[in-house]
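**Student:** no sequence for this one, just the structure:
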């Protein structure tokens, strides 16, 4: 709980550093809290479960969603197996989001089922780093699994500065096919259209009850500017809090700043935890 409110951070990267490219480590040190990184990692670059869990508890995080990523062209490999010691330490607080890259995983439905069997509560698609469009028909069997199981698909929707990124693939227009073909599928737009697509992301969220804006990587002080052309009161009710940790100065700091922007207490509760609980099928603390 943070200031009496439940808090779900829907977007964290808790990777083993040896599996990643140097640019990822540089990003974490440039935008994150180096003192915290030194606290939660051991000398070999592996996350220490007890210390990471204690850090999240101190930030008021009730549930943290940890992302795997298979993007050798851009950031490296964050295999889902490396997250299992964290979720095993505190399965109530720590959950996994699966990741698929159609260039690496075949058949995608079998790989998704495997990662769901390890405890994943959602699927993440990263077109920009994987180099595969979100409407690639090779991914459709995975979308069908998620729709049938009531699990959300998280889609990277924003620019990336990592070498090897294909930013054109972040265009929300590519989701048009997916939303048409999977009408009951919840789609979470990670980074909310960061860069060039704020308006398109907001429009999708406002016209489609199954589309959500996820705030990871967006400075709270600029949110109203980014979405100035849309009804703030309506749009905030479609937002999900996330930080993109470790590329953030502090989880609690960001959460308080986002809550202060909400039009009322009910909406603040939805943004910080309620919407994520609904979309990711999570339990809120009493």
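**Tutor:** Happy to help now that I have it. This is a predicted model, so every value here is computed, not measured. Numbers count the residues shown, from 1 in each chain.

**Student:** use CA for all of it now, contacts and neighbours both
**Tutor:** OK.

**Student:** ranking helices and strands of this protein by mean pLDDT, which lands last?
**Tutor:** helix 22-31 (a mean of 75; mean pLDDT, DSSP states H and E).

**Student:** residues near residue 164, how many?
**Tutor:** 16 (other Cα atoms under 10 Å).

**Student:** in space, what's closest to it - neighbours in sequence excluded?
**Tutor:** Setting aside the residues directly before and after it, residue 164 is nearest to residue 74 in space (Cα to Cα, 6 or more residues apart in numbering), at 4.7 Å.

**Student:** can you give me the strands for this structure?
**Tutor:** 8-12, 63-67, 69-71, 76-78, 94-100, 120-125, 153-158, 187-194, 211-214, 239-240 (DSSP state E).

**Student:** which stretch among these comes nearest residue 51?
**Tutor:** Using Cα to Cα as the measure, strand 94-100 is the one of these that comes nearest residue 51, at 12.9 Å.

**Student:** hang on, residue 259 packs against residue 272?
**Tutor:** Yes - checked against Cα atoms under 8 Å, the pair residue 259 and residue 272 is within contact range at 7.3 Å.

**Student:** between the two, which one's more packed in?
**Tutor:** Using other Cα under 10 Å as the criterion, residue 259 and residue 272 rank with residue 272 on top: 26 against 20.

**Student:** residues in contact with that one?
**Tutor:** 5-9, 240-241, 255, 259 (Cα atoms under 8 Å, 6 or more residues apart in numbering).

**Student:** cutoff 7 Å now
**Tutor:** For residue 272, the contacting residues are 6-8, 240-241, 255, by Cα atoms under 7 Å, 6 or more residues apart in numbering.

**Student:** most widely separated two among those?
**Tutor:** Spatial extent of the contacts of residue 272 (Cα to Cα) is set by the pair 6 and 240 at 12.8 Å.

**Student:** more neighbours: those two, which one.
**Tutor:** residue 240 (28 against 19).

**Student:** still on that earlier bit, buried residues in the least confident helix or strand of the chain?
**Tutor:** Using 16 or more other Cα atoms under 10 Å as the test for burial, helix 22-31 gives 24, 28-29.

**Student:** same question, stretch 246-266
**Tutor:** Quick answer for stretch 246-266 (16+ other Cα under 10 Å): 246-249, 251-252, 254-255, 258-259, 261-262.

**Student:** ok, now stretch 201-208?
**Tutor:** 201-206.

**Student:** from those residues, which land in helices?
**Tutor:** Secondary structure assignment by DSSP state H places 201-206 of those in helices.

**Student:** quick one on the thing from earlier: pipe the buried residues of stretch 201-208 into JSON lines and attach distance to residue 223 and pLDDT per row.
**Tutor:** What follows is those, written out as JSON lines (distance: Cα to Cα, whole Å; pLDDT from 0 to 100):
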{"residue": "201", "distance to residue 223": "13", "pLDDT": "97"}
{"residue": "202", "distance to residue 223": "12", "pLDDT": "97"}
{"residue": "203", "distance to residue 223": "15", "pLDDT": "96"}
{"residue": "204", "distance to residue 223": "17", "pLDDT": "96"}
{"residue": "205", "distance to residue 223": "15", "pLDDT": "97"}
{"residue": "206", "distance to residue 223": "16", "pLDDT": "97"}
